[in-house]
Structures are given as C-alpha cells and as structure tokens.
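Generate coordinates for the sequence data below:
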Amino acid sequence: MKNSAINATDIPVRVKPSVYPEPFASRMTGREKCPLGDFFGLNNFGVNLTRLTPGAISALRHAHTKQDEFVYILQGCPTLHTNDGATRLEPGMCAGFPAGAGNAANLSNDTDSDVLYLEIGDRMAGDSANYPDDDLQAVQVAGEWLFTHKDGTPYE
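Predicted coordinates for the structure are as follows:
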C-alpha cells in the first residue's frame, strides 16, 4: 500500500514522454509529466503535475469527445491556444474544456522560465480526440489510444 500523502515532486516523471506516434511524439520534447493520480491508484480521473521547459508544448492542440479536461497554472506564464485564439495565463489561472464542446486546446511555453501546472481529466471510456492542426485522429480502445491519419490510415 502506497502512502496516502507525499510531496508531488517526489513522484517519478512518466517514463514514456508521449503516446503519440512519430512525427508527433518528438514534438513533446521538454514536457515532463508526473502521474499523481496513477501513483495513488486513482481510476476515475487522472491528475498530472506537468512541467514545460522553455519552447515546449503540453500536447498537440486537441479536443476530446467524452473526457473533460482542466488545467491550473502553478508557476510560469504559458500561452493557452484554443479555437478562439491565444491567451497568456499566469499562476492561479485555470481553464476547463468540457467533453464534446469541440474547443481544441493546448499550452505552449514561449518564455525563458519553466511552466508548472496541474492537468486533471476524467477517464470516460470510448473517448476520441480531434487534432485540427495536424493529420492525426485518435480513438480510445480498451484504455489504449489508437492513432491514425485523418483518412483512417494507421501510423506505422
């Protein structure tokens, strides 16, 4: 049984930096996720403590069909990119993305300092994700993400 309390920075960084196929996985350089929820065995929602080094992005800009997402900025000033444009965030600011709303989003660190934030999302089965800026789509099958080109051709 794991401890019920621990310093979040003591939880190891996720070993595999990205589930995206190439050429997208390498674009996640500079992003580190500590899977806080997984550490405690949480099954209904995920919580990550995520660090973006200067020049890094949180993910490809995307929108989920069934999973809600929420971010809370702890340190640094990332830029939030959505269908409505770009918004500079500061510590204490947060943003939420309801499932099925279609508002594709990601964060970028366009500063010279690290960004640290919490990302929280539910783990609703049967989710899919749309990536409007990239030739990528994803569907969740049995808890795993399967990625294809937008025409349905699988990535090799």
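
going forward, measure contacts and count neighbours with C-alpha atoms only.
OK.

how close does residue 57 get to residue 145?
Distance from residue 57 to residue 145, counting by C-alpha to C-alpha, to the nearest Å: 20 Å.

between those two, which one's more packed in?
Legend: neighbour count by other C-alpha atoms under 10 Å for residue 57 and residue 145, higher for residue 57 (23 against 17).

which residues does the more buried one contact?
27, 28, 30, 31, 106, 107, 108, 109 (C-alpha atoms under 8 Å, 6 or more residues apart in numbering).

now do residue 35
11, 12, 13, 14, 46, 47, 48, 49.

The first one contacts residue 37, doesn't it?
No - when contacts are counted by C-alpha atoms under 8 Å, residue 11 is not listed as touching residue 37 (10.3 Å).

coming back round to it: which of the contacts of residue 57 fall in strands?
Among those, the members found in strands (DSSP state E) are 31, 106, 107, 108.

would TSV of the contacts of residue 35 with neighbour count be doable?
Listed next are the contacts of residue 35 as TSV, based on neighbours: other C-alpha atoms under 10 Å:
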residue	neighbour count
11	15
12	13
13	18
14	14
46	17
47	21
48	22
49	22
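
In those residues, find the pair that's most separated.
Pairwise distances across these peak at 15.3 Å for 12 and 46 (criterion: C-alpha to C-alpha).

if I've got this straight, residue 86 is in a helix?
No - checked against DSSP: H, G, I helix; E, B strand; the rest coil, residue 86 lies outside a helix; its state is strand.

Can you tell me how far residue 48 is from residue 33?
Taking C-alpha to C-alpha, one finds residue 48 at 6 Å from residue 33.

got it, and residue 89?
Look at residue 89 and residue 33: by C-alpha to C-alpha, they are 19 Å apart.

out of the two, which sits in the more crowded spot?
Between residue 89 and residue 33, counting by other C-alpha under 10 Å, residue 33 is the more crowded of the two (24 against 18).

so the more buried one, which of the three states?
Strictly by three-state DSSP, residue 33 counts as strand.
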